[in-house]
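Asks: below are the sequence and a predicted model for it; my questions follow.
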Amino acid sequence: MRTYILKRVIQAIPLLFLISFIVFLSIQATGDPLAAYTVDASLTSDDIARLKAKYGLDQPVPIQYLNWLKNMATGNWGTSYFTREDVVDMILERLPNTLILFAVSYALILGVALILGILTAIRQYSLFDYSVTALSFLGIATPSFWLGLMLIYLFAVRFKAWGLPSLPVGGMYDLSEGKTLAEVSRHVILPAITLSVVVCARYVRYIRSSILEQLQLDYVRTATAKGLRSRAVLFRHVMKNVLLPLVTLVGLDLPNFLSGTIVIESIFAWPGVGRLFWSAAERTDIPVLMAVMLFVAVMTVLFNLIADIFYAVVDPRISYS
Amino acid sequence: MTGSSDTSRLREAAPLAEMAVSGALARPPETMWTMFRQRFVRHRPAMVSLVVLLFLVVACFGVSLFVSEDEANLIDVQAMRSPPSWEHPFGTDDVGRDMFLRTLFGGQISLRIGLLAACISVVIGIAVGTISGYNTGWIDNVLMRITDALLSIPTLFILIVLTRVLGDHIGVGNIAFITLVIGTLSWMPTSRIVRAQVLSLKERDFVLGARSLGCQAGRILVRHIVPNTLAPVVVAATLDVGRAIIFEASLSFLGLGIQPPTATWGSMLNRAQAYLLNAPWIALFPGIMILVTVLCVNFLGDGLRDAFDPHSLR
């Protein structure tokens, strides 16, 4: 067991190096990082040379990469070209907001997907099953940013027009109310639903087919034969085997979720990491772009590592060799 | 004992053989292709989707025969933000352009980017997958770690960085460039599928047969192994088309994709949020087009998957 964990951790290290290299390359490919400065005509070539020396841009590319890696490892992630803030502080300041969004979305996704998945599986080929399956096909095909617009139109614009309690269109809390729990939860509903629908639709289909697959296996027949009620068979035996692979699925989905946060946080003006990245992209704020990309990728690797190890700990069938 | 049962089996077999001569063989033989077609035609959602997709392609590309793109982009301040009517079936946008025509012209680019990006992704995916599956050892290791690494960085992040910052050099909104970037960032699932297939296929007897006849590795790969991996690749490719269309739409929605006045379904949604209150139809129709296209493409993939699967009973 310990060797398995150790092995997975060691495997992650070259992956992290490779990711850092890809992040570095994709920014290198973008050309002159000082473009934002050189627009200013008052800069002489001496000034530019001094700036280059300051940021280490006069060195050959491999040296630049190693320097950058050293800085990253020592927690020196640079400062924003625009706000002069420390990049690590900028990310840490917004991270809790994205985590709130993540937690609410996944609570929603797992809750709804489990209920619908179980109901459609035990009523296979019923009208309910067909309608949920049709809806989940629709959900998978929906572009999430468009869904966001439609939800804003329905719940913020129309509901207000109809005199119903409407939801806010953006932000995290009303300035007049302050950052209270009630305000934040009112504001998180629409972005969380928007982010959830596509993923939830996929999970419903996964849970349904996975329950149906499990129901055919011998251990279910044994449990039924010894007189267990079908509810007990489902919840005590089948669901264990359905839920475990979900951990891996959530881990694999994390990059998609994070991609989604860029667009959704921009639409709903949610002050999270995705919006930070997007505003940095609009201003070509390269230190912020690099840091967020690397941060997000490292989080994904760590999350998948934890999911793998958790899975191995919980499922005795996994061999640790 | 054994002798008698053998003769009885022979006697039973005789009428079967006659039947085969008179009945079954009189029919044209069932090839893989006819069986595939039968199974696909029976998959009703896939057939409907195919018809809808063909209709969309004909409508989007056929509109060029009747109207020029400049006419579709004609600004009419008199008709600014007018709701759907007979004259403007999808309404008009914030500068009075006809949304219906623009949606059709936008479809040309969205569909083209979806298809071409999926092609690029499939070609790279097959190349990486076969090379990696056939050569175990360090080549396989390196290629798979690159695949893992690219899968760990959320795609939209790299897409935004490349289109935003390289866009300054190449010109923001270069269609070929956006297609290329989306294509080169979505081959990873395909390469994994192909690799798994190649790993199992290369141990089969027909590969051993080809090798013992003196076939070279390249020829074995191209003629014997790759064709056998194509079924799951085609299914993955249909999913790639849908993903590419949504990626392009997201980029254009953020303002990094195709630039105005050229329409795509995503770029038409770009300013829609500002007009949700007074002109919600600006947001409605391009989104529905994306939804319908991606839905149909996914159903098509579903139908192909069932049709390729010889065990499917549908």
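Replies: It's in.
Asks: now do the helices in the stretch 1-150 of chain B.
Replies: Listed in chain order, the helices found in the stretch 1-150 of chain B under DSSP state H, counting those that start in this stretch are B:2-22, B:32-42, B:44-66, B:69-72, B:99-134, B:138-152.
Asks: actually, the stretch 201-321 of chain A.
Replies: Chain-ordered helices for the stretch 201-321 of chain A, with DSSP H, counting those that start in this stretch as the definition, fall at A:218-225, A:230-232, A:239-267, A:273-283, A:286-314.
Asks: and the helices of the stretch 1-150 of chain B: which comes nearest chain A?
Replies: Closest approach to chain A among those is made by helix B:138-152 (4.1 Å; C-beta to the nearest C-beta). For glycine as for every other residue, the C-beta is placed from the backbone atoms N, C-alpha and C.
Asks: name the residues that touch the closest one?
Replies: The list of residues contacting helix B:138-152 from outside it, by C-beta atoms under 8 Å, 6 or more residues apart in numbering or on different chains, reads A:14-15, A:18-19, A:22, A:255, A:297, A:300-301, A:304, B:128, B:131-133, B:185, B:188, B:191-192, B:195.
Asks: can you do 6 Å?
Replies: In this structure, residues lying in contact with helix B:138-152 by C-beta atoms under 6 Å, 6 or more residues apart in numbering or on different chains are A:Leu15, A:Leu18, A:Ile19, A:Ile22, A:Ala297, A:Thr300, A:Val301, B:Val128, B:Ser132, B:Met188, B:Ser191.
Asks: re earlier: most tightly packed of the helices of the stretch 201-321 of chain A?
Replies: Among the helices of the stretch 201-321 of chain A, helix A:273-283 has the highest mean neighbour count (mean count of other C-beta atoms under 10 Å in any protein chain shown), at a mean of 22.
Asks: give the other helices and strands that it contacts.
Replies: Other helices and strands packing on helix A:273-283, by 3 or more C-beta pairs under 6 Å, 6 or more residues apart in numbering or on different chains; DSSP states H and E, are helix A:87-122, helix A:239-267, helix A:286-314.
Asks: out of those helices, which gets nearest to B:His88?
Replies: In terms of C-beta to C-beta, the element of the helices and strands packed on helix A:273-283 nearest to B:His88 is helix A:239-267, at 26.3 Å.
Asks: orientation of the closest one relative to helix A:273-283 in degrees?
Replies: With axes from the mean of the first three to the mean of the last three C-alpha atoms, to 10 degrees applied, the angle from helix A:239-267 to helix A:273-283 works out at 40 degrees.
Asks: packing partners for helix A:239-267?
Replies: helix A:144-151, helix A:181-215, helix A:273-283, helix A:286-314, helix B:155-161.
Asks: could I get those as a markdown table with mean pLDDT and distance to B:Leu239?
Replies: What follows is the helices and strands packed on helix A:239-267, written out as a markdown table (pLDDT from 0 to 100; distance: least, C-beta to C-beta, whole Å):
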| stretch | mean pLDDT | distance to B:Leu239 |
| --- | --- | --- |
| helix A:144-151 | 92 | 16 |
| helix A:181-215 | 91 | 12 |
| helix A:273-283 | 90 | 24 |
| helix A:286-314 | 87 | 21 |
| helix B:155-161 | 88 | 14 |
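Asks: so which of the ones you listed gets nearest B:Asp240?
Replies: Nearest to B:Asp240, of all the helices and strands packed on helix A:239-267, is helix B:155-161, at 11.8 Å by C-beta to C-beta.
Asks: and the gap between A:Ile13 and A:Leu302?
Replies: With distances taken as C-beta to C-beta, to the nearest Å, A:Ile13 is found 12 Å from A:Leu302.
Asks: any idea of the mean pLDDT for stretch A:245-264?
Replies: Model confidence over stretch A:245-264, given as mean pLDDT, is 88.
Asks: could I get the helices and strands packed on helix A:239-267 as TSV with distance to B:Gly106?
Replies: As requested, the helices and strands packed on helix A:239-267 are arranged in TSV below (distance: least, C-beta to C-beta, whole Å):
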stretch	distance to B:Gly106
helix A:144-151	14
helix A:181-215	22
helix A:273-283	23
helix A:286-314	29
helix B:155-161	19
